[in-house]
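In: Give the three-dimensional model of this entry:
(3 chains)
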Amino acid sequence: MKVSLARALLRLFAVQGSYNYERLLGVGVGVAEEPLLRDLADGKYRPAVARGAHFFNAHPYLIGLAVGAAARAEHDGASPDQVERLREALCGPLGSVGDRLVWAGWLPFLSALTLAAVALGGGWIAVVSFLIVYNIGHVALRWWALKAGWTHGARVSVALHHPVLLKATATLGPAMALAVGFALPITAQYLAAPFGSWTRLALALAAVVAFLMLRVFGDRLNGLRFALGLSALALIAGWIWP
Amino acid sequence: MTLALYRIDDRLIHGQVVVGWGQPLNVSFIVLVDDEVRSSDWEQDLYRMGVPPSIEVRFASVEEAAQALPAWEADPRVGILLVADIDTAVALAERAPQVRRLNIGGVHHRTGRTERLRFVYLTDDEARKLRALAARGVDVTAQDVPTARPVPVGEFT
Amino acid sequence: MNLPVEVLIALLVWGTLVGVDLVSLPQMMIARPIVAGAVAGAILGDIPTGLRLGVVFELMQYDILPVGAVRYPEYGPATVAAVATAHSSAGVLGLGLGALVGLVTGLAGGLTINVLRRVNSRVVHNAAAALESGNPRALLRVHAGGLLRDAARAALVTAFGLLLAWLARPLLAGALTVRGALLLAVATVAAAIAAGSAGTLRLVGKGPNLVWFAAGLGGGLLVVAGVAWLR
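Out: Next comes the predicted model:
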């Protein structure tokens, strides 16, 4: 089973490889689960593989919990309905926990620290440190998720009560907020450095106006559209005021 | 405040709800209306794990929700009400006149459903029920996250 | 932009890896602009430019709400193209032109992600019978097809970005006055700072984390004042 788990883990790194709107990550989840289903009896293997590839969506790093749990449930002889129900119930919570833990925690926390470090002259060493530290957490989370799912099967919610996971989720929110708050002014100073003093004033003014506009019209105006619009304005202004 | 969002989402509690809507609205409680989840302890445990400790989760059947809606609406904190499918939403709207807005956040592919929007797949019957709700004065729009444009029901059913 | 062929190929390969990393494989965050930009800078022998454009687009990245299947621009390959542009023009002119090329490439990248997901949806839809039969080979084939298409997509977006980088100088740099170049740089950097601030605030929310954000902001401002005083 060790080999099958390793194979499933490797496949989990590509779980979003066939992202589509019809099944979202379903096909990738089925691909990752398939090695764990190979020792099922002949009549059970194919229906289990088919179920594995049904609609699924969750945080990619935590999907191992669902892959392991569903495969374990198939081995434990759960009915097709029970397996489907388990998969459906896991989508939302695994997405929510992962989004808070990683996309709104670990990643912006480390990204902000990296921004501050680069701005203060940390150079490429800051970037390499980011990659190493981030991925220690990333790979550990994927591996833990798969193993925990495989261990607990249908009682997978027990795994989500893991104290380290709870502690990390509770800590990373404030840590992220602290880090991004810290990084913003330092990064702004770094970006303003190549400009002359008058231009720096214009930059500060433009940034404040832009920030307010994004806050007020945020629902219709995303950062990209806004930046492109502002660039167009700048090009036109530079052309009529040479 | 009140219930800021009445949402149909077949994944119920997930990142779009907790981070996407929960953070900007500063949500303090989520009501999950689903007869099946109401009677399943392990599913309730799972959904509870999906929210931070600062958000309270309540589970209710359609019947219980219809009874409790006035109290939730009078709650000084901000809340979100979630249902997993169109039938539950219709059942709730028929029993509770408080449901005047309905946000469709995600109804995904299943046999018989066809694509209406990237995140909305409906059977013809479900589309008809949504239009009927809208005809009765409920403001039905599809919008997955707050930064997206709310699509009125007429554009996708 | 006049670059040796081997450097162009290295940038194309790097942009493709970065594009695939974002969603498909292995999500180790080389797709983050700060990483994509630093390595692109290293390939060009110009790490400072790579870091600077990387920081600009890392801030833009915060504008993207990181939840669920929402549509978003793609800033990884865009940063590679931005660094290639900025590398060939000195100073503030390079910064503005690079950011502009990156923004356009980021827009294009986001559009291709949506197109790819639509194509994948059709492939999965058409393979429904084989998938429902539980045929593992059909399953693997559908999945591998998606991965390969994403690699092709990422390569295409990077190539498009590098083409823009190559065109930017003759098309825009000639027409731009000194003041025009300066205005463009101010506009893009201001937009990035604003997008980064608005995005992080949305992520922080109105809850208890806002206090932590304020504390961090205070600390950051102290450091800024300290650095200014030292100079």
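
In: For the residue nearest the centre of chain C, which residues are in contact?
Out: Closest to where the C-alpha atoms of chain C average out (C-alpha atoms, centre = their mean) is C:Tyr75, at 1.6 Å. Residues counted as contacts of C:Tyr75 (C-beta atoms under 8 Å, 6 or more residues apart in numbering or on different chains) are C:Pro33, C:Ala36, C:Phe57, C:Met60, C:Gln61, C:Gly102, C:Gly106, C:Gly109. From N, CA and C alone the C-beta is placed, and that goes for glycine too.

In: Take these and keep only those in helices.
Out: Within those, residues falling in helices by DSSP state H are C:Pro33, C:Ala36, C:Phe57, C:Met60, C:Gln61, C:Gly102, C:Gly106, C:Gly109.

In: Just give me the closest of those residues to C:Val7.
Out: For the ones in helices among the contacts of C:Tyr75, the residue nearest C:Val7 by C-beta to C-beta is C:Ala36; the value is 15.8 Å.

In: Check that closest one and give its pLDDT.
Out: C:Ala36 carries a pLDDT score of 98 in this model.

In: separation between it and A:Ser79?
Out: 47 Å (C-beta to C-beta, to the nearest Å).

In: after whichever helix or strand C:Val124 is part of, next one along is what?
Out: Taking DSSP states H and E as the definition, C:Val124 sits inside helix C:91-126. Downstream of helix C:91-126, the first helix or strand assigned by DSSP H and E is helix C:128-132.

In: got the angle for the helix or strand just after that next one vs helix C:91-126?
Out: Going down the chain from helix C:128-132, the next helix or strand is helix C:136-168, by DSSP H and E. Using axes from the mean of the first three to the mean of the last three C-alpha atoms, to 10 degrees, the inter-axis angle of helix C:136-168 relative to helix C:91-126 is 160 degrees.

In: how about helix C:136-168, does it get close to chain A?
Out: Yes. Using C-beta under 8 Å from any C-beta of the partner chain, we find that helix C:136-168 touches chain A at C:Pro136, C:Leu139, C:Leu140, C:Val142, C:His143, C:Ala144, C:Gly145, C:Gly146, C:Leu147, C:Asp150.

In: on that earlier part again, TSV for the contacts of C:Tyr75, including distance to B:Glu126 and neighbour count?
Out: Putting these into TSV (distance: C-beta to C-beta, whole Å; neighbours: other C-beta atoms under 10 Å in any protein chain shown) gives the following:
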residue	distance to B:Glu126	neighbour count
C:Pro33	41	29
C:Ala36	43	34
C:Phe57	41	29
C:Met60	38	30
C:Gln61	37	28
C:Gly102	42	35
C:Gly106	36	30
C:Gly109	34	28
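
In: Tell me the one among the residues you listed nearest to C:Arg118.
Out: C:Gly109 (15.3 Å).

In: List the residues that contact that closest one.
Out: Per C-beta under 8 Å, 6+ apart, neighbours of C:Gly109: C:Gly19, C:Pro73, C:Glu74, C:Tyr75, C:Gly76, C:Pro77, C:Ala78, C:Val157.

In: Can you read off the pLDDT for the fourth one?
Out: pLDDT for C:Tyr75: 97.

In: mind checking pLDDT for the residue nearest the centre of chain A?
Out: Of all residues in chain A, the one closest to the mean position by C-alpha atoms, centre = their mean is A:Trp103, 4.4 Å from it. Looking at A:Trp103, its pLDDT stands at 93.

In: That one and B:Gly20 touch, don't they?
Out: No. In this structure A:Trp103 lies outside contact range of B:Gly20 using C-beta atoms under 8 Å: 10.6 Å.

In: quick one: low-confidence ranges for chain A?
Out: Across chain A, residues meeting the criterion (pLDDT under 70) sit at A:219, A:242.

In: quick one, domains of it?
Out: What automatic domain parsing lists as the domains of chain A is A:2-194, A:195-242.

In: so what's residue 149 up against?
Out: Just going to use chain A. A:Gly64, A:Leu65, A:Ala66, A:Val67, A:Gly68, A:Ala69, A:Ala70, A:Ala71, A:Arg72, A:Val156, A:Ala159.

In: Not quite, go with chain C.
Out: When contacts are counted by C-beta under 8 Å, 6+ apart, C:Arg149 touches C:Leu116, C:Val119, C:Asn120.

In: Pick the most deeply packed of the domains of chain A.
Out: Stretch with highest mean neighbour count among those: domain A:2-194 (a mean of 21; mean count of other C-beta atoms under 10 Å in any protein chain shown).

In: and that domain, how far apart are its ends?
Out: 55 Å (C-alpha to C-alpha, to the nearest Å).

In: How about the closest residue to chain C within chain B, nearest residue that isn't a chain neighbour?
Out: Residue of chain B nearest chain C, by C-beta to the nearest C-beta: B:Gln23 (3.1 Å). Of all residues not flanking B:Gln23 in the chain, C:Gly205 sits nearest, at 3.1 Å (C-beta to C-beta, 6 or more residues apart in numbering or on different chains).
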